[in-house]
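3D, please:
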Amino acid sequence: MYTGGAGAAAVVIANAIKSSGAIIVLEVRDFMSILAKTKDPLVVTAEGGLFKKKNRYITSYKGLFFYTQAEDVIKLPLGTELIKAKSISIPD
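This is a model prediction of the structure:
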C-alpha cells in the first residue's frame with residue numbers, strides 16, 4: 001500500500017503506462033544515463049522472473065517510459081525517490 005505523494009506518483013505512472021502502451025527497454029547503463037538527466041527522479045522497482053530473479057526498474061522522462069532489468073540491485077543516484085511495487089508488467 002502506498003501513502004502520500006509516492007502513492008499518487010505510482011498510480012500516475014501505472015495509469016500512464018496503461019494508456020500509452022509504449023515503454024522503451026534499455027540496457028542498465030542507458031537507464032542510468034536517463035536518471036542522471038532527471039532532477040529528483042522517481043523509479044518504481046519490483047522483483048520478477050520465472051527461473052532467475054530479476055530486479056526490474058521503470059521511470060519516466062519527457063513523457064516517455066524507460067524500463068530496465070538486472071540480476072543485481074542497481075545503485076540508483078542519490079536523491080532518487082524509490083517506490084517498491086509488488087510487480088511491474090511490461091506489455092509485449
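
alpha carbons only for contacts and neighbour counts from here, please
Will do.

which residue ranges of the chain form helices?
4-20, 28-36 (DSSP state H).

the ones you listed: lowest mean pLDDT?
Least confident of those, judged by mean pLDDT, is helix 4-20 with a mean of 64.

number of residues surrounding the residue nearest to residue 90 when sequence neighbours are not counted?
Nearest-residue entry for residue 90: residue 23, 7.6 Å, with adjacent residues in sequence omitted and distances by C-alpha to C-alpha, 6 or more residues apart in numbering. When counting by other C-alpha atoms under 10 Å, one arrives at 17 neighbours for residue 23.

check the one 3 residues further on too.
Using other C-alpha under 10 Å as the criterion, residue 26 is surrounded by 14 other residues.

in this structure, which residue is closest to the centre?
residue 58 (1.6 Å; C-alpha atoms, centre = their mean).

thought it was touching residue 43?
Yes: Residue 58 is in contact with residue 43 according to C-alpha atoms under 8 Å; the separation is 5.7 Å.

show the contacting residues for residue 48.
By C-alpha atoms under 8 Å, 6 or more residues apart in numbering, the contact list for residue 48 reads 54, 55, 56, 87, 88.

which residues does the nearest residue to residue 28 once chain neighbours are set aside bridge with?
Nearest in space to residue 28, with sequence neighbours left out and distances taken as C-alpha to C-alpha, 6+ apart, is residue 68 at 5.9 Å. Beta bridges link residue 68 to residue 57 when assigned by DSSP bridges.

perfect, that will be all.
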